[in-house]
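*Asks:* Return atomic coordinates for the entry below.
(4 chains)
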There are 2 protein chains.
Amino acid sequence: MATRDDVARLAGVSPSTVSYVISGRRKISDATKARVLAAMRELRYTPNAFAQGLAGARRGILALHFPTSVDGYSSTEFEYVTAAMERARMFGYHMLLWSNPMTDVMGLESLVAQKLVAGVLLMEVSISDPRFDVLRRAKIPFASIGRPDDNADVTYVDNDFAEAGRIAVEHLASLGHRSIMYINVSVEEQEAGNGPGIRTIRAIREAVEGRDMLLQEVPVENNARGGRAAWEAYLELRPRPTAVLGLKEFATAGFVNAAGMASWQIPKDLSVIALGVGDRSAEMVAPALTTVAPSGEHISHAAVEALVQLIEGRTQQVLQELITPVMIERESSGPVPE
Amino acid sequence: MATRDDVARLAGVSPSTVSYVISGRRKISDATKARVLAAMRELRYTPNAFAQGLAGARRGILALHFPTSVDGYSSTEFEYVTAAMERARMFGYHMLLWSNPMTDVMGLESLVAQKLVAGVLLMEVSISDPRFDVLRRAKIPFASIGRPDDNADVTYVDNDFAEAGRIAVEHLASLGHRSIMYINVSVEEQEAGNGPGIRTIRAIREAVEGRDMLLQEVPVENNARGGRAAWEAYLELRPRPTAVLGLKEFATAGFVNAAGMASWQIPKDLSVIALGVGDRSAEMVAPALTTVAPSGEHISHAAVEALVQLIEGRTQQVLQELITPVMIERESSGPVPE
DNA sequence: CTGAAAGCGCTAACAT
DNA sequence: ATGTTAGCGCTTTCAG
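*Replies:* As a prediction, the model looks like this:
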């Protein structure tokens, strides 16, 4: 494997000149630059990432950190991951995946202490997420997809839940619905401070307020069983809602399927809107789910960009951005039944 | 940030002793070991990963490489990723995600040239996958989830497709089905040499042979539209199959949903079995899909283990393993209609 | 505009 | 059982 010194020798320049040609942090005459570049190509030279890192290079590796989940992750979440990875690559960074139980903060601590990563991007952020303190203490650049409640100094990109709630409720209202059920995340998730869970219900309550609508909530696990439980709960509700908002895809799909088994017709008998669910998941369900969701790609891209800004010191400022979700009307929502 | 020398000073030993305490590659007396450990704890010391890498440490980072996909990835595939990551961590390795178009082999080349990763794990392997040659040339340890046709020297773990085909076909045969439709991957995928696609159809043909069964194939894209196309194709087939085998989840779900829209009852009118689809996806569909699939977790774990063996030189041998898939009967398969 | 040289923090071969 | 030391291949400061 060729090293920088090999290139320097072949090009007839000093090793540092090679470095400067690569980094561009010094003016190099076109002639020497050309010679160096040619030598690099001839030797198929690629800088050794460990040496760069040890010597204090700026770019390098980003860590993408998400807590392990008992319910597993969906294709929607995978979209966030791949989008973040792609964007990191565009900026010349690698992306390291890291996952451990939320409470096991030591894992994150040791990762950061290794100095391997130039910055950390957090996913699945809870409103009082212990990971932020770890990163603050470590003085490493970090950003998050989603946000904690205490976020004055946090660079984040998040879904605009308030807007999502408004869009969904207004859509239902305009279709004549007055009685809504909301499939919430499980009680454990709520207690754990699941950000989307908490912000979404807040937003929906607000949107419903002063609107002469009735909102009833049912918390369930995000899996098929939870969806069936939601269906059973639905049947008990009085007055019976004519529309259902669901936050998580496995639970919402389970609900829709249970309704279908019971020969309820969606959206004729009942409208369903899924919040925060990606297109692919929405289309795995019959009828295809009307969704209100931000582009996961968009969020991930923005978050990675913000993190890179922070790392490269192009700004001291805290960057915060809310992405406006978009409603895609598919087949699961329609006018209120008479 | 404390360095190894700080620890050595505090413990009153030489720097190398600290290294040896950590690596365990040399016998250290219990007394000194205790002193060193105490000093490490006091200073909250963690080795600098770049320095370790540069100095030629064995462990480090594994790369998980998968080609970018137009159809996106499902939760099933995400399971493979997270399982691989977890296992890597257990062995003391980090996991770097890397993805680019299959044809862009240079990306992989440059990753490997950076010497950052100790080994590469390939996902979504095609039967004539160009990535293997790159890795062979680079002389870097590699293993794959899935296998190419030319695999004499390749360490891999793969689904036992032959067994999967047999299980699925026998199950249908035992239920009285004699006419089967197979939803294949798209023609482009087949031409690109999609491994599961090619091996599965081979296996099914073999299982059907000499069994007085009729097999008809339909290739579609792996998305909801593809699924609907499969349904339309199904209606044209004569004799009309009584059972459908589907390889990919978005297409198979789309097919089932289209059938449902047309008021066909599954499994009363038609049985469906999904191959290689994970539990979570199977349960997003109504009726929940009967699946024949290996455990993604199992495959990923085995593949990472094999790669680590290779890296740490505990074996020169090529390790190859086929994982036997398991059938889970859910609600989409049943006796042939009269 | 370019070169020389001092580290970065570790691993492991070479001493004792 | 432990200490000493020569690199690993870079980035960047200090000197021209």
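
*Asks:* Run through the residues that contact the residue lying closest to A:Pro239 once chain neighbours are set aside.
*Replies:* With CB to CB, 6 or more residues apart in numbering or on different chains as the measure, A:Ser179 is the residue that lies nearest to A:Pro239, at 5.3 Å, once sequence neighbours are left out. Where C-beta positions appear, they are placed from N, C-alpha and C, glycine not excepted. Each residue near A:Ser179 by CB atoms under 8 Å, 6 or more residues apart in numbering or on different chains is listed here: A:213-214, A:216, A:239-243.

*Asks:* Verify the contact between A:Ile323 and A:Ala303 for me.
*Replies:* No - under the contact definition of CB atoms under 8 Å, A:Ile323 does not touch A:Ala303, with a separation of 9.7 Å.

*Asks:* Neighbour count: those two, which is higher?
*Replies:* Comparing A:Ile323 with A:Ala303 by other CB atoms under 10 Å in any protein chain shown, the one with more neighbours is A:Ala303, at 29 against 20.

*Asks:* Run through the helices of the stretch 151-300 of chain A in chain order.
*Replies:* A:161-174, A:187-192, A:195-208, A:224-236, A:249-261, A:279-282, A:296-311 (DSSP state H, counting those that start in this stretch).

*Asks:* Can you check which of those gets nearest to DNA strand D?
*Replies:* Evaluated over the helices of the stretch 151-300 of chain A, closeness to DNA strand D peaks at helix A:296-311, with 12.5 Å, by CB to the nearest atom of the strand.

*Asks:* where does the following helix or strand past the closest one sit relative to the chain's centre, distance-wise?
*Replies:* Following helix A:296-311 in sequence order, the next helix or strand is strand A:320-323 (DSSP states H and E). Strand A:320-323 sits 12 Å away from the centroid of its parent chain (CA atoms, centre = their mean, to the nearest Å).

*Asks:* cool, stretch A:71-83 as well?
*Replies:* Centre-to-centre, stretch A:71-83 and its host chain are 8 Å apart (CA atoms, centre = their mean).

*Asks:* any bit of that stretch sitting next to chain B?
*Replies:* Yes - applying CB under 8 Å from any CB of the partner chain, one finds stretch A:71-83 touching chain B at A:72-75, A:77-79, A:81-82.

*Asks:* can you list contacts of that stretch?
*Replies:* Residues from elsewhere that reach stretch A:71-83 (CB under 8 Å, 6+ apart): A:64, A:66, A:97, A:123, A:145, A:221-223, A:249-250, A:276-278, A:280-281, A:293, A:296-297, A:299-301, B:68, B:72-75, B:77-79, B:81-82, B:97, B:99, B:280.

*Asks:* Of those, keep whichever come out buried.
*Replies:* If you count burial by 16 or more other CB atoms under 10 Å in any protein chain shown, the buried members of the contacts of stretch A:71-83 come out as A:64, A:66, A:97, A:123, A:145, A:221-223, A:249-250, A:276-278, A:280-281, A:293, A:296-297, A:299-301, B:72-75, B:77-79, B:81-82, B:97, B:99, B:280.

*Asks:* Show the overlap between the residues you listed and what lies near DNA strand C.
*Replies:* Contacts with DNA strand C are made by none of the buried ones among the contacts of stretch A:71-83, judged by CB under 7 Å from any atom of the strand.

*Asks:* burial count for the residue nearest to A:Ile323 when sequence neighbours are not counted?
*Replies:* Nearest residue to A:Ile323, sequence neighbours excluded (CB to CB, 6+ apart): A:Pro294, at 4.3 Å. Residues near A:Pro294, counting by other CB under 10 Å, number 20.

*Asks:* Would you mind listing what in chain A touches DNA strand C?
*Replies:* Those residues of chain A that sit near DNA strand C, judged by CB under 7 Å from any atom of the strand, are A:12-17, A:20, A:26-29, A:31-33, A:51, A:54-56.

*Asks:* Write the PyMOL selection for whichever of those are buried.
*Replies:* Of the residues of chain A next to DNA strand C, the buried ones go into a single PyMOL selection, burial set by 16+ other CB under 10 Å:
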select buried, chain A and resi 13+17+20+28+32+33+51+54
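
*Asks:* Filter the residues of chain A next to DNA strand C down to just the ones in helices.
*Replies:* Cross-referencing these against helices under DSSP state H gives A:15-17, A:20, A:31-33, A:51, A:54.

*Asks:* now for the residues you listed, which pair is the farthest apart?
*Replies:* Looking at these by CB to CB, the two members farthest from one another are A:Ala31 and A:Leu54, with 31.3 Å of separation.

*Asks:* one step back: mind listing the shared neighbours of A:Ile323 and A:Ala303?
*Replies:* Shared between the contact lists of A:Ile323 and A:Ala303 (criterion: CB under 8 Å, 6+ apart) are residues A:Val157.

*Asks:* Give me the helices and strands touching the least confident helix or strand in chain A by mean pLDDT, please.
*Replies:* Evaluated with mean pLDDT, DSSP states H and E, the helix-and-strand set of chain A has its lowest mean pLDDT in helix A:105-113, which scores a mean of 90. Under the contact definition 3 or more CB pairs under 8 Å, 6 or more residues apart in numbering or on different chains; DSSP states H and E, helix A:105-113 sits against strand A:61-65, strand A:94-98, strand A:119-122, helix A:131-138.

*Asks:* ranking these by burial, who's on top?
*Replies:* Here the criterion is mean neighbour count by mean count of other CB atoms under 10 Å in any protein chain shown, and of the helices and strands packed on helix A:105-113 the winner is strand A:119-122, at a mean of 26.

*Asks:* Partner strands of it, with direction?
*Replies:* The sheet places strand A:119-122 alongside strand A:61-65 (parallel), strand A:142-145 (parallel), with pairing taken from DSSP bridges.

*Asks:* pLDDT of that strand, averaged?
*Replies:* Here the mean pLDDT over strand A:119-122 is 96, rounded to a whole number.

*Asks:* Just the CA atoms of that strand, as CSV, please.
*Replies:* What follows is the C-alpha trace of strand A:119-122 in CSV, where atoms were taken according to Å, rounded to 0.1, in the frame of the first residue of the first chain:
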residue,chain,number,x,y,z
GLY,A,119,-19.8,13.9,15.8
VAL,A,120,-22.9,12.1,16.9
LEU,A,121,-26.4,12.1,15.4
LEU,A,122,-29.1,10.9,17.7
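
*Asks:* Outside of that strand itself, list whatever touches it.
*Replies:* A:62-66, A:84, A:108, A:111-112, A:129, A:131-132, A:135, A:140-146, A:303-304, A:307-308, A:310-311.
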